[in-house]
Each structure stands twice: as C-alpha cells, then as structure tokens.
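K.L.:
Provide a 3D model corresponding to the input given below.
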Amino acid sequence: MAGDPGDAPYNLRQLAVEAGVTPRTIHFYIQQGVLPSAGSLGSQARYSAGHLARLRLIKRLQKEHLPLAEIAGRIRSLTDLQVERLVGEARRAVASASSGSALNYVRSVLTSANARQDEGMALAVDRSQWERIALVPEIELHVRRPLSRVRNRQLERLLESARQILQKED
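P.N.:
Prediction:
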C-alpha cells in the first residue's frame, strides 16, 4: 500500500468520512491488523484508495456478522486491486435484485480466487467450524475447518506424532 504520496489522497479525517467510520475505528483496525497502517504517523499520515476499499469491504462483511478476526484473516492477503474489485462487484450485486445477496457474490468471487491460489490459505468467506479431536482422554486438539490440502496433510502428521508421543508416556 505504500507508494507515491500522490497515491494517498486522504488524511485520517477524510478517510473516516468517506468510509463512514470514526477515526478511532480506523486506528483500532490498524492496531488489530485488519487494516494496514498509512506508513507515516501523526498529521502527516496519508491513506490511499486501497485503505478506503478495505474499510468498505470490512463494513460489508461485518453486516453479514463475520467476526473481525475472521475478516482480517481473509482479506489480509488480498491486494488493493482485488479488494477494490470485490467491493465494486458486491455493489453491483446489491444493485441487481436478481443477482442475490452481496455476501453470496463475495463468497463466489473469493472461492474462485481460492481455487487459483497454490494451496494457500482459504479465502472463502464461509463461517468456519471447529473440530475437536481427542488425542487421549485428558488432551484434545481444536482445529478450525476447512483446511487446505497442505494443512490437512500437516494435521495428519501432527496427529500421528502426537498419538505416538502420548502412547509412549502411558
């Protein structure tokens, strides 16, 4: 997001007004890692159109009751261009009554983006589910599903190793 200062037309107050949030909310999102920092501090801080697009996407996903930590994890790896495209496409989906909800559209776009990624983290905006795996009666492992193929293989190796270690101790 850092670049030419001309690419960052907003100060904090202007960004807050454009996004429909408070400056305090922007600072909170930056502290939580949901929104990247401006790159400079204080009154000299300048924010780009990418910051504005991220704020708009965050607001849209919050309206669908996704927790902030979940939103952060899912949009952190997106480029500004991808975020801007999602926001624009979600707006068009909302404007068109026949296209369904914006969240469904964002889900479909993120799911197709996930299919293009090389077994990286899943970007699909679905509610995750936790699986509880009992290793021994006193110890269990909690796993958020779904996992990528790579993470599934790693989990299987972890479970195998953990069970071997725990059986040796008995």
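K.L.:
Return the helix or strand in the protein with minimum mean pLDDT.
P.N.:
For the chain, using mean pLDDT, DSSP states H and E, the weakest element among its helices and strands is helix 102-116, scoring a mean of 59.
K.L.:
Please work out the average pLDDT along the helix or strand following that helix.
P.N.:
Towards the C-terminus, the helix or strand next in line after helix 102-116, according to DSSP states H and E, is strand 129-136. Here the mean pLDDT over strand 129-136 is 86, rounded to a whole number.
K.L.:
Within its sheet, name the partner strands of strand 129-136 and how each one runs.
P.N.:
Strands adjacent to strand 129-136 in the sheet, as given by DSSP bridges, are strand 139-145 (antiparallel).
K.L.:
hmm, who's touching the partner strand?
P.N.:
The contact list for strand 139-145 (CB atoms under 8 Å, 6 or more residues apart in numbering) reads 128-135, 155, 158-159, 162, 166. C-beta coordinates here come from the backbone N, C-alpha and C atoms, glycine included.
K.L.:
Next one, pLDDT for residue 67 please.
P.N.:
86.
K.L.:
Tally up the residues packed near it, please.
P.N.:
Around residue 67 sit 12 other residues, with neighbours defined as other CB atoms under 10 Å.
K.L.:
now residue 48
P.N.:
Residue 48 has 23 neighbours, counted by other CB under 10 Å.
K.L.:
And it, how far from residue 11?
P.N.:
As for residue 48, its distance to residue 11 is 12 Å (criterion: CB to CB, to the nearest Å).
K.L.:
Also residue 139?
P.N.:
52 Å.
K.L.:
more neighbours, those two?
P.N.:
Between residue 139 and residue 11, counted using other CB under 10 Å, residue 11 has the larger neighbour count: 15 against 10.
K.L.:
if we can go back for a sec, I'd like the contacts of strand 139-145 as TSV, with distance to residue 149 and neighbour count appended.
P.N.:
Rendered in TSV, the data for the contacts of strand 139-145 read as follows (distance: CB to CB, whole Å; neighbours: other CB atoms under 10 Å):
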residue	distance to residue 149	neighbour count
128	17	17
129	18	9
130	20	8
131	16	13
132	22	8
133	18	13
134	24	9
135	23	15
155	11	16
158	15	15
159	16	14
162	20	15
166	26	13
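K.L.:
Great, nothing more from me.
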